[in-house]
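Asks: return a 3D structure for these sequence lines:
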Amino acid sequence: SLSVSHLVLNDDVKAKADTTLEAAQKADASDIKVDDMKIDSASVDGTQSLDITADSFSTFAVTTNNDVDHTYTTKSVNYQKVLGDAVEYGIVADKYDASSSHTETNFAVKDFAGGQVVEVDLSNGADIPFIAGDISSGTLRLGNKTDSNNVDVYLQDKDVGNVSSDNKNIKINKIVKSETELGSMVSGMQEHVSSASKTLAGLTQTTGWTYKDNTIDTTAIDDNVTIVINIDDSGMGTAIEKCLDKCPTIKKKAGQNIVFNVSNSGITKLREYKVTVGNDSIKTNDQTNSGNDSDHNKLLDSMVLQHIIWNVTNSNDIALHDTAGVFLLPNSGETTVRNSAGWAVSKGTIYSSGEWHFIYHERQYTSVGNTLIKATKTLTGGTLTAGEFTFALSAANDRTTAPLETAVNDADGNIRFAGLNYTEDDVGRGK
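Replies: Residues are numbered from 1 along each chain as shown. The predicted structure follows:
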């Protein structure tokens, strides 16, 4: 609910001021009468607004309680906002058990059970963070295909010897914290996502989409909006869970974000599906192995992972098989993952029975002991194209030798250098 109070200023205060702001600043409690306004029937939807007209020298106080959604509208939902800091981790959970299966993601968990090699998909030299609140069994061993300059592992002192890498070119920074501190880092992400999940579950289901011949079609709806679809025990829910006959197709526009609210207790498995945007189609059950980027993975990231959100609010244990997207799992049940991709954030345990792929292409995490340098290029009188300009990064005190690094602009003018490693000895040396 939302409450609006009209704070009526007395005549003496108003007479001594030229503006409402000046009068309000001079007033104390005895100068103000609180007149609560009743707006019982007013409502807004999406980006509409509620206007209140008043005379001069009128001051209002607006208060809300927790069930007011002042964060998301149908045009403001996106994967980054929903995930928050969890966007840098493929898995966030109380426990991640990868003891019986190879996995291809980083993670932020309170308890990690290792035993198999851990690769990190498509890192392409990006800095990679891990949070392992407690390595309760096995080890965290990075495989040869992990291509990263720096890997930061936040862990307890007792687990320092349980982290290693088969790739000797990787620099592993082991950042020791207490179990309480590590748990708090994970809990912060879980609570953010849990709050987002609750808000998304409360959004009104969108009209204008259709479900026919195993196809969810949202192309009649405007682009660049969020579409909310409730998954129940209908034919659509059954098709997504069991993949009878053929797995479902989602036909959408490029900028549309789709939130599937999965609340029906009968749904225990999310399976493969296909997304079609214009002439491009992609299935979720095929991801390239670690270290090998591909056009397929880029399309899966841009068409599916960054636009499809599965908000699983039922209390069941659930399986994610051959699927992809953002998976919000706010309850403390068990989740089994197999050959899937994207983000999974849970308050329970995630078991790996097959590879989980983290193929996010826009990682922004910067390692401890590393500085990330960015720039922006604008072009006046023309259209900027990707790779049109090359930029050099040189030491401040030596521009005669080869540059430390070069980079080109993207289509939006962003220039991202890979970053510089430094130690205390480099401070003040102009590196």
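Asks: hey, let's count contacts and neighbours off CA atoms from now on
Replies: Fine.
Asks: restrict stretch 350-369 to CA atoms and write it as PDB.
Replies: Taking C-alpha atoms only, stretch 350-369 is exported to PDB below (Å, rounded to 0.1, in the frame of the first residue of the first chain):
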ATOM      1  CA  ILE A 350      22.600 -27.600  -6.300                       C
ATOM      2  CA  TYR A 351      23.800 -31.100  -7.400                       C
ATOM      3  CA  SER A 352      25.700 -31.400 -10.700                       C
ATOM      4  CA  SER A 353      24.900 -34.500 -12.700                       C
ATOM      5  CA  GLY A 354      26.200 -33.000 -15.800                       C
ATOM      6  CA  GLU A 355      28.000 -29.800 -17.000                       C
ATOM      7  CA  TRP A 356      26.700 -26.400 -16.000                       C
ATOM      8  CA  HIS A 357      27.900 -23.800 -18.600                       C
ATOM      9  CA  PHE A 358      28.500 -20.200 -17.700                       C
ATOM     10  CA  ILE A 359      28.900 -18.500 -21.100                       C
ATOM     11  CA  TYR A 360      28.300 -14.900 -20.100                       C
ATOM     12  CA  HIS A 361      30.200 -12.600 -22.500                       C
ATOM     13  CA  GLU A 362      30.100  -9.300 -20.600                       C
ATOM     14  CA  ARG A 363      32.000 -10.100 -17.400                       C
ATOM     15  CA  GLN A 364      33.000  -7.000 -15.400                       C
ATOM     16  CA  TYR A 365      34.700  -8.500 -12.400                       C
ATOM     17  CA  THR A 366      38.100  -7.000 -11.700                       C
ATOM     18  CA  SER A 367      40.600  -9.100  -9.800                       C
ATOM     19  CA  VAL A 368      42.400  -8.200  -6.600                       C
ATOM     20  CA  GLY A 369      45.800  -6.900  -7.700                       C
END
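Asks: okay, buried residues for that stretch please.
Replies: 350-361, 365-368 (16 or more other C-alpha atoms under 10 Å).
Asks: now for those, which pair is the farthest apart?
Replies: Across the buried residues of stretch 350-369, the longest distance by C-alpha to C-alpha is 32.1 Å; it joins 353 and 368.
Asks: hang on, residue 368 in a helix?
Replies: No - Residue 368 is assigned coil when assessed by DSSP: H, G, I helix; E, B strand; the rest coil, not a helix.
Asks: check contacts around it.
Replies: Residue 368 makes contact with 152, 173 under the criterion C-alpha atoms under 8 Å, 6 or more residues apart in numbering.
Asks: what number of residues lie near the residue nearest to residue 131 when sequence neighbours are not counted?
Replies: Nearest non-adjacent residue to residue 131, counting by C-alpha to C-alpha, 6 or more residues apart in numbering: residue 108, 4.3 Å away. Counted with other C-alpha atoms under 10 Å, the neighbours of residue 108 add up to 31.
Asks: in CSV, list the C-alpha atoms belonging to the host helix or strand of residue 108.
Replies: Taking DSSP states H and E as the definition, residue 108 sits inside strand 107-113. The C-alpha trace of strand 107-113 is given here as CSV (Å, rounded to 0.1, in the frame of the first residue of the first chain):
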residue,chain,number,x,y,z
PHE,A,107,30.4,-20.3,-8.2
ALA,A,108,29.6,-18.4,-5.0
VAL,A,109,28.5,-21.0,-2.3
LYS,A,110,28.6,-21.5,1.4
ASP,A,111,29.7,-25.2,1.0
PHE,A,112,31.5,-26.8,-2.0
ALA,A,113,31.9,-30.5,-2.5
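Asks: which strands and helices sit next to the helix or strand just after it?
Replies: Downstream of strand 107-113, the first helix or strand assigned by DSSP H and E is strand 128-132. Strand 128-132 sits against strand 107-113, strand 150-155, helix 179-201, with contacts defined as 3 or more C-alpha pairs under 8 Å, 6 or more residues apart in numbering; DSSP states H and E.
Asks: same thing but 6 Å
Replies: Where contact means 3 or more C-alpha pairs under 6 Å, 6 or more residues apart in numbering; DSSP states H and E, strand 128-132 is packed against strand 107-113, strand 150-155.
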